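S.K.: can't give you the sequence, but here's the structure:
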């Protein structure tokens, strides 16, 4: 009876680790590998896992039935990915037993490791200004790009928090960026409209999603790779559409 209870707890721990990884932006093969290594650390070398961006199916060797967990939200949190990997390695090395690992994962799921909102906005603004210079823009447009990007990224975070409509936050933020960039140039505060707008939308570009889609395809995870690629394409389309609406209305 105790063995069955331990099996159930191990399945829950593996599913929880996979859930945290997927919600934090990990690659599909990393999620499957981590779950299977955690199971192998306790003698289950033939565990089976199937991971998609919206759900995880997992079963131990000889256990019936398989269990499923749904992934409703996904973001980017590399620190959580690192901590889950550390926990799984500690289990494999015998440093953590199953109960301690499960408790550590439960605590990790609850904690918010994201940087403060104001710091995210400042970082996005500085990154956009740096992109402007990298794209061979002029230093006179550095501050306009800084401010336009900061307001645009603030819009993105605000709408993403209050509205759960997919891609609407990216569209609205890029619309605001295009509008503010246009106003800055029209009033003589900015000079190169195209570079200001391009640099300002860079923090919205789904770079990690595109990278993970390619890596999943190369690893043979075609379902996850194609779905992540489609999501990245639609995100980029929403960003481009927001800027295009501004240009079509006012230029």
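M.R.: Sure, I can see it. The shown structure was predicted, so the numbers you read here are calculated from the model rather than taken from an experiment.
S.K.: helix, strand or coil for residue 137?
M.R.: In three-state terms, and counting by DSSP: H, G, I helix; E, B strand; the rest coil, residue 137 is coil.
S.K.: Now for the residue lying closest to it once chain neighbours are set aside, how many residues are close by?
M.R.: Leaving aside its sequence neighbours, residue 137 sits nearest to residue 195 (CB to CB, 6 or more residues apart in numbering; 4.1 Å). The way it works is simple: take the backbone N, C-alpha and C, and place the C-beta from them, glycine included. Close neighbours of residue 195, defined as other CB atoms under 10 Å, add up to 21.
S.K.: next one: residue 96
M.R.: 19.
S.K.: give the contact list for it.
M.R.: Counting by CB atoms under 8 Å, 6 or more residues apart in numbering, residue 96 makes contact with 87, 90, 104.
S.K.: which ones are touching the first one?
M.R.: Under the criterion of CB under 8 Å, 6+ apart, the contact list for residue 87 reads 17, 96, 101, 104, 105, 108.
S.K.: List the buried residues of stretch 45-56.
M.R.: 47, 49, 50, 51, 52, 53, 56 (16 or more other CB atoms under 10 Å).
S.K.: Just the ones in strands from the residues you listed, please.
M.R.: Of the buried residues of stretch 45-56, the ones assigned to strands by DSSP state E are 49, 50, 51, 52, 56.
S.K.: With distance to residue 240 added, can I get the residues you listed in a markdown table?
M.R.: Listed next are those as a markdown table, based on distance: CB to CB, whole Å:
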| residue | distance to residue 240 |
| --- | --- |
| 49 | 36 |
| 50 | 34 |
| 51 | 30 |
| 52 | 27 |
| 56 | 32 |
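S.K.: In those, find the pair that's most separated.
M.R.: 49 and 52 (10.9 Å; CB to CB).
S.K.: so which strand or helix has residue 36?
M.R.: Per DSSP states H and E, residue 36 falls inside helix 28-40.
S.K.: Would you indicate which residues of that helix are buried?
M.R.: 28, 29, 30, 31, 32, 33, 34, 35, 36, 37, 38, 39.
S.K.: ok, now stretch 217-226?
M.R.: 217, 219, 221, 224, 225.
S.K.: List just the nearest of the buried residues of helix 28-40 to residue 233.
M.R.: Using CB to CB, residue 28 is the member of the buried residues of helix 28-40 that sits closest to residue 233, with 17.7 Å.
S.K.: Hmm, that closest one is touching residue 216, no?
M.R.: Yes: Residue 28 is within contact range of residue 216, at 4.8 Å (criterion: CB atoms under 8 Å).
S.K.: Return every residue with contacts to both of those two.
M.R.: Taking CB under 8 Å, 6+ apart as the criterion, residue 28 and residue 216 both touch 224, 225.
S.K.: still on that earlier bit, cross the contacts of residue 96 against helices and list the overlap.
M.R.: In helices, judged by DSSP state H, the following of these are found: 87, 90, 104.
S.K.: To which secondary structure element is residue 95 assigned?
M.R.: Using DSSP H and E, no helix or strand contains residue 95.
S.K.: Could you check how far it is from residue 104?
M.R.: Distance check for residue 95 against residue 104: by CB to CB, to the nearest Å, it reads 11 Å.
S.K.: now the strands for this structure?
M.R.: Using DSSP E, strands in the chain cover 48-52, 55-59, 67-70.
S.K.: Among these, which comes closest to residue 207?
M.R.: Residue 207 lies closest, by CB to CB, to one member of those: strand 48-52, at 21.2 Å.
S.K.: Residue 52 contacts residue 225, correct?
M.R.: No: using CB under 8 Å as the test, residue 52 is too far from residue 225 to be in contact (10.4 Å).
S.K.: what sits in contact with each of the two?
M.R.: With CB under 8 Å, 6+ apart as the test, residue 52 and residue 225 both reach residue 28.
S.K.: Spit out the contact partners of residue 157.
M.R.: 117, 120, 121, 169.
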